[in-house]
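K.L.:
Next comes the sequence, and after it the predicted model I'd like to discuss.
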Amino acid sequence: MRPTLNRSLPCALLLGLAASPAAAAEPGLLATLHGNRLLASTVPANGDLNPYAVVVAPVSAGGIKQGDVLVDNFNARSNFQGTGTTIMDYDPATRTARLLAAIPQKLAGCPGGVGLTAAMAMLKSGWIIVGSAPSTDGTPKTRGAGCLIVLDPEGKVAGTIAGPEIDDPWGNMAVIDRGSTATLFVSNVGFGIGAAGGPPARQASVLRIDLMLPEGKPPMVESKTVIGDGFAAEADASAFLVGPTGLALAPDGTLYVSDALGNRVVAIDHAATRADSAGTGRVVSEGGLLKRPLAMALAPNGNLLVANALNGQVVEIDPASGTQRGALWLDHDEAQDPPGNGDLFGIAMTPDGKSLYYVEDDTNALMETR
């Protein structure tokens, strides 16, 4: 891989706001961002690669400081997908990254082993929950069902969450954290998946997990409810799995889901309280600037920021109207076609709400755009 550079582009190259008249009139958050900078390598001493999840710590706990950025790795040094086991902790104050956790490759209670995905969250109680979609040879043919792994803030494994409702927890989590209880939303893309190149299965789901958080003890599952299902997902030789990935929860209780194979963003209403599945939800926005949407974040202005898998852009969407406000180049690596193809995964807003953290697969780096 080529070395990472501090990359900055003129505003005219960064913004795709001419996509629609509404975008030109109200450019949104992305119009305020003008340059990208390297923060840190995400490669630990064991050589793990392919950063996926990006999570900003909501509290200080253990060795983690509030505002630190947690990043996990999906690949081991071999570059086999579904074999990465490490979580890195980046401290914005010192601009240094350290190894937070190195999870055993084989873990009791996690079918198939460990390969850490974009599904990661840190709770106010300090507990970290991260998804696993494992493989033994880096291909979907040896894929396991995986699990959710619970770690303490020192990075030590405290337990797992598995069961028939969980099969390759994949996309970035949305969280409601009440302190003594919490609710997680996670997509599961493994159900019904066959060999790479086969037809998509339409069994991917969005699962709500309600947790009790006893003081001084790991989270306990109170209930699991499938609130969305029937999403398309497939095994892929280069991307491992493709399915619903981004989850973002609005203050009104609407859960937004990026449906990668449908090339759209959909909404599940009353996500925290509904007792049934909304199926694939209602369409918010599709096509246009979206190019296989992946991870998603909610901006302070209420808009959705959605990373693309098939180019290096992030797209801003007004969820009320479905208008795509514009797109910003995060990764313009011309070694990929189109530039940045396959390089973007997790994204997260900075605590001040003025910029965006993201990871680049091509350089194994944590980045920021301001």
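P.N.:
Structure received.
K.L.:
send the alpha carbons of the helix or strand containing V257 over as CSV?
P.N.:
If you go by DSSP states H and E, V257 is part of strand 255-259. Taking Å, rounded to 0.1, in the frame of the first residue of the first chain, the C-alpha atoms of strand 255-259 are listed here in CSV:
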residue,chain,number,x,y,z
LEU,A,255,-34.2,4.5,12.6
TYR,A,256,-32.6,5.1,9.2
VAL,A,257,-31.0,2.2,7.5
SER,A,258,-28.6,2.2,4.5
ASP,A,259,-29.8,-0.6,2.2
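K.L.:
which other helices and strands contact whatever helix or strand comes next after that strand?
P.N.:
Sequence-wise, the next helix or strand downstream of strand 255-259 (DSSP H and E) is strand 264-268. With contacts defined as 3 or more CB pairs under 8 Å, 6 or more residues apart in numbering; DSSP states H and E, strand 264-268 has these neighbours: strand 255-259, strand 282-286, strand 293-298. Heads up, the C-betas are built off the backbone N, CA and C, glycines and all.
K.L.:
for those strands, which one ends up most surrounded?
P.N.:
Highest mean neighbour count among the helices and strands packed on strand 264-268 (mean count of other CB atoms under 10 Å): strand 255-259, with a mean of 28.
K.L.:
Now do it, average pLDDT.
P.N.:
The pLDDT scores in strand 255-259 average 98.
K.L.:
Adjacent strands (with direction) for that strand?
P.N.:
Counting by DSSP bridges, the strands paired with strand 255-259 are strand 247-249 (antiparallel), strand 264-268 (antiparallel).
K.L.:
thinking again about what came up before, distance to V242 for the helices and strands packed on strand 264-268 - can I get that in JSON lines?
P.N.:
Shown next, in JSON lines, are those (distance: least, CB to CB, whole Å):
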{"stretch": "strand 255-259", "distance to V242": "11"}
{"stretch": "strand 282-286", "distance to V242": "16"}
{"stretch": "strand 293-298", "distance to V242": "9"}
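K.L.:
between the ones you listed, which gets nearest to K224?
P.N.:
Relative to K224, the nearest member of these by CB to CB is strand 255-259, separated by 15.3 Å.
K.L.:
can you give me the offset of that closest one from its chain's centre?
P.N.:
12 Å (CA atoms, centre = their mean, to the nearest Å).
K.L.:
Please list the residues outside that strand that contact it.
P.N.:
171, 174, 185, 187, 206, 227-228, 231-232, 244-250, 264-268, 271, 280-281, 284, 293-296, 298, 304, 306, 319 (CB atoms under 8 Å, 6 or more residues apart in numbering).
K.L.:
how about 7 Å then?
P.N.:
Contacts with strand 255-259, where a contact means CB atoms under 7 Å, 6 or more residues apart in numbering, come from 174, 185, 206, 228, 231, 244-250, 265-268, 271, 280-281, 284, 293-294, 296, 304, 306, 319.
K.L.:
Kindly report the same for stretch 229-242.
P.N.:
Contact partners of stretch 229-242, identified using CB under 7 Å, 6+ apart, comprise 81-82, 133, 140, 168, 170, 189, 193-198, 200-202, 204-205, 243-244, 259-262, 277, 279-280, 342.
K.L.:
which of the residues you listed count as buried?
P.N.:
81-82, 133, 140, 168, 170, 189, 193, 196, 200-201, 204-205, 243-244, 259-262, 277, 280, 342 (16 or more other CB atoms under 10 Å).
K.L.:
Name the residues of stretch 111-126 that are buried.
P.N.:
112-126.
K.L.:
what do you get for stretch 168-181?
P.N.:
Those would be D168, P169, W170, G171, N172, M173, A174, V175, I176, D177, for stretch 168-181 by 16+ other CB under 10 Å.
K.L.:
For the second one, list the residues it contacts.
P.N.:
Neighbouring residues of P169 by CB under 7 Å, 6+ apart: T117, A119, G131, A133, G146, L148, V186, N188.
K.L.:
Neighbouring strands - and their directions - for the strand or helix carrying the third one?
P.N.:
Read it as G131. Element membership for G131, per DSSP H and E: strand 128-132. According to DSSP bridges, strand 128-132 forms sheet pairs with strand 116-122 (antiparallel), strand 147-151 (antiparallel).
K.L.:
Mind checking the pLDDT average for it?
P.N.:
pLDDT averaged over strand 128-132 gives 98.
K.L.:
Can you give the contact residues for it?
P.N.:
By CB under 7 Å, 6+ apart, the list of residues contacting strand 128-132 reads 53, 72, 87, 110, 114-117, 119-122, 146-151, 153, 169-170, 184, 186.
K.L.:
Same check on stretch 92-101?
P.N.:
For stretch 92-101, using CB under 7 Å, 6+ apart, the contacting residues are 39-41, 44-45, 67, 69-70, 86-90, 151, 155.
K.L.:
Output it as PDB, nothing but the C-alphas.
P.N.:
The C-alpha trace of stretch 92-101 is given here as PDB (Å, rounded to 0.1, in the frame of the first residue of the first chain):
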ATOM      1  CA  PRO A  92      -7.300  13.500  20.000                       C
ATOM      2  CA  ALA A  93      -5.500  15.500  22.800                       C
ATOM      3  CA  THR A  94      -2.100  13.700  22.300                       C
ATOM      4  CA  ARG A  95      -2.800  12.700  18.600                       C
ATOM      5  CA  THR A  96      -1.600   9.200  19.400                       C
ATOM      6  CA  ALA A  97      -3.200   5.800  18.900                       C
ATOM      7  CA  ARG A  98      -2.700   2.700  21.100                       C
ATOM      8  CA  LEU A  99      -4.000  -0.900  21.200                       C
ATOM      9  CA  LEU A 100      -7.000  -1.100  23.400                       C
ATOM     10  CA  ALA A 101      -8.000  -4.700  22.800                       C
END
